[in-house]
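In: sequence and predicted structure below; questions after.
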Amino acid sequence: MFFVAVFIILAMAGMFFRVNPKLHVLNILVTILLIILIKIVNRKKHPSFLLSYTSYKLLQPRKIILKEPEDVKSKKSKLRY
């Protein structure tokens, strides 16, 4: 949605500044295509699906196994009575 807003702002800026008319029309067409694409994607999945999926994959708890180095184990065994 952010990109759509950026393209709309750029398209509006093209009206006030001297911009090649081809670029202005192309910018508006790209904005319309992005809006249609976002509507199609949102119809299939919730808009936050991608964010929730990536956060689930990246932030889920991992099984971490900590092992003591062998030299620490040998020092501990020597310190015992």
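Out: Sure, I can see it. Since the structure is predicted, the reported quantities are computational estimates derived from the model, not experimental observations.
In: name the helix or strand of the chain that has the lowest mean pLDDT.
Out: For the chain, the helix or strand with the lowest mean confidence is helix 70-79, at a mean of 61 (criterion: mean pLDDT, DSSP states H and E).
In: biggest helix in this protein by residues?
Out: With secondary structure taken from DSSP state H, the chain has its longest helix at helix 21-44.
In: I'd guessed I8 sits against V30; true?
Out: No - using C-beta atoms under 8 Å as the test, I8 is too far from V30 to be in contact (10.4 Å). Glycine gets a C-beta too; all of them are placed from N, C-alpha and C.
In: shared neighbours of these two, anything?
Out: None of the residues lies in contact with both I8 and V30 under the rule C-beta atoms under 8 Å, 6 or more residues apart in numbering.
In: flag the shaky bits of the chain, pLDDT-wise.
Out: 1-4, 7, 10-19, 21, 42-57, 60-65, 68-69, 71-81 (pLDDT under 70).
In: now do the same end-to-end measure for stretch 58-67.
Out: Stretch 58-67 has its terminal residues 24 Å apart, counting by C-alpha to C-alpha, to the nearest Å.
In: got it, and stretch 9-24?
Out: Stretch 9-24 has an end-to-end distance of 11 Å (C-alpha to C-alpha).
In: how close does V6 get to L59?
Out: Per C-beta to C-beta, to the nearest Å, V6 is found 28 Å from L59.
In: neighbour count for those two, which is higher?
Out: V6 (12 against 8; other C-beta atoms under 10 Å).
In: circling back: now the longest helix of the chain: buried residues?
Out: Neighbour-count burial for helix 21-44 flags 24, 27-28, 31, 34 (criterion: 16 or more other C-beta atoms under 10 Å).
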